Each structure stands twice: as C-alpha cells, then as structure tokens.
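> structural data only, the sequence is not supplied:
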C-alpha cells in the first residue's frame, strides 16, 4: 500500500531536549516536505526536499533541521525544542514530476507538545 | 494562511448541499486545491482546478473559480455524515518549491 508514515504519532517533551520525527514514503517519490498545522493558521511549510541531498527552507524553517540521505526518508530534527514548536506536524511527498495532477500524499501527522 | 481565507465552520443537514468558500490574494496562483482532513488523519486531496478554468465537476463535488474576485468554492451535493471533516483550500504558484499555501480550514458538520 502506498503510504507516508511518521513516527512518533504523539510526543511530549521538555524544552531543549533534542528530538527527531521520522518520515518515510514507499512510493519512490523525489519530493518530500514538512508542514506544521496550527489553529487558525492552516498548514505552513517548514522545509522541503526536491531529491536526495537537496533540501531548502520553506516559510517557517527557524528552529528546525532536515536531512535527505536516502530517497525514502526525510527526518525533521528539533535541536532545542521550545514551547512555540508545539504543533501538529505533517510530512508529505509527491513524485516530483510537476504535473498538475501530481498529488501530495500526506502522512497521518505527529502531535508534539513541548513543555 | 493569511493569503488564503476560509470561514471556520459550516453546519448542514444530511442530504442538503454544502458550499464551502475560499478567497485568495495572489493572482499568480496557478493551481487551486481542496483537501479533506478527517479526525486523526492526514490530508486527502479531493480535487483541484487550474487557474484558467471556471468550473470543474467530479461526482458530488463541484468547484467554482471566480478569478476576477479570487474566489473559490466547493459544493458538495447530497451531503452525507461521512463528509463531516475539515476542508482546506490551498493554492500553488507552480514554482520549484511546490509549496502549497493553505487556508485555515472550514469545519463541516453534517447533522443526521
């Protein structure tokens, strides 16, 4: 089954304790992206990757890092989490061919609480 | 999404039509999308429309685009309880970044 998986689904942590949220897709997609969803703000892009070893900032990259060592994985790293990073995080992927019918597949989300 | 605006809530009765509205500000938007988010789930692409189209119909879904007013709507005919979800409109400017700019979402509640 084609899917995007994220782990963990729920995480409670404390300020300053480094954490990684993993994202994996099994569709051989080139493009992957991270979004955060906050009430009243919709989804905002954090980082994206056009291909292996190619990453770039989205709209709200501060406080986050990403890496793309393999095509299937795109982890989101919070080196020193702060309470304002409490949010619902979504990973997404698409084939990267740029066709209009190309859809972005979203993972189930990771709900993060930073105390 | 300050560039894309939606009303927060809509309640309809089962069997009625639902109309969810969205306005956007960037005239360079090339594609406009409707996504559905059910509780505890990710986003599911429902439909999309290219900016040079006025209307697109797909089974119970009808998308209307008024490019002059930058207004997008999603009509769901014969709304069912399974349609209860949050609906997001999103725009894409077709750049290499391929980011989607989302509205804040409209929660649709379908009363039986």
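Perfect, I can see it now. Source: prediction; values computed, not measured. Numbers count the residues shown, from 1 in each chain, chains lettered A, B, ... in the order given.
> residue ranges with poor pLDDT in chain B?
Applying pLDDT under 70 to chain B picks out residues B:1-2, B:29, B:93-98.
> show me the helices in chain B, by range?
Here chain B has no helices by DSSP state H.
> get me the contact residues on it for chain A.
B:1, B:4, B:31, B:40-45, B:48, B:50, B:88, B:90, B:96-105 (CB under 8 Å from any CB of the partner chain). Backbone N, C-alpha and C define where each C-beta goes, glycine included.
> number of residues surrounding residue A:90?
By other CB atoms under 10 Å in any protein chain shown, the residues close to residue A:90 number 25.
> so residue B:18 sits against residue B:107, correct?
No. Using CB atoms under 8 Å, residue B:18 is not in contact with residue B:107; the gap is 11.5 Å.
> rewinding a little: from the residues of chain B next to chain A, keep the buried residues only.
B:1, B:4, B:31, B:42-43, B:45, B:48, B:88, B:90, B:97-105 (16 or more other CB atoms under 10 Å in any protein chain shown).
> so what sits opposite the residue nearest the centre of chain A in the bridge?
Residue closest to the average C-alpha location in chain A (CA atoms, centre = their mean): residue A:34, at 2.8 Å. For residue A:34, the beta-bridge partners are residue A:47, residue A:91 (DSSP bridges).
> can you check residue A:38 too?
Counting by DSSP bridges, the residues bridging with residue A:38 are residue A:42.
> so what touches the least confident helix or strand in chain A by mean pLDDT?
Lowest mean confidence among the helices and strands of chain A (mean pLDDT, DSSP states H and E): strand A:105-106, at a mean of 87. For strand A:105-106, contacts defined as CB atoms under 8 Å, 6 or more residues apart in numbering or on different chains pick out A:2-4, A:25, A:27, A:29, A:90-94, B:42-44.
> who does that strand pair up with?
Partners of strand A:105-106 in its sheet, by DSSP bridges: strand A:87-94 (antiparallel).
> and the strand it pairs with, which residues are buried?
Buried, per 16+ other CB under 10 Å, within strand A:87-94: A:87, A:89-94.
> more neighbours: which of residue B:18 and residue B:107?
residue B:18 (21 against 16).
> correct me if wrong: residue A:3 contacts residue A:25.
Yes. Here residue A:3 reaches residue A:25: they are 7.3 Å apart, a contact under CB under 8 Å.
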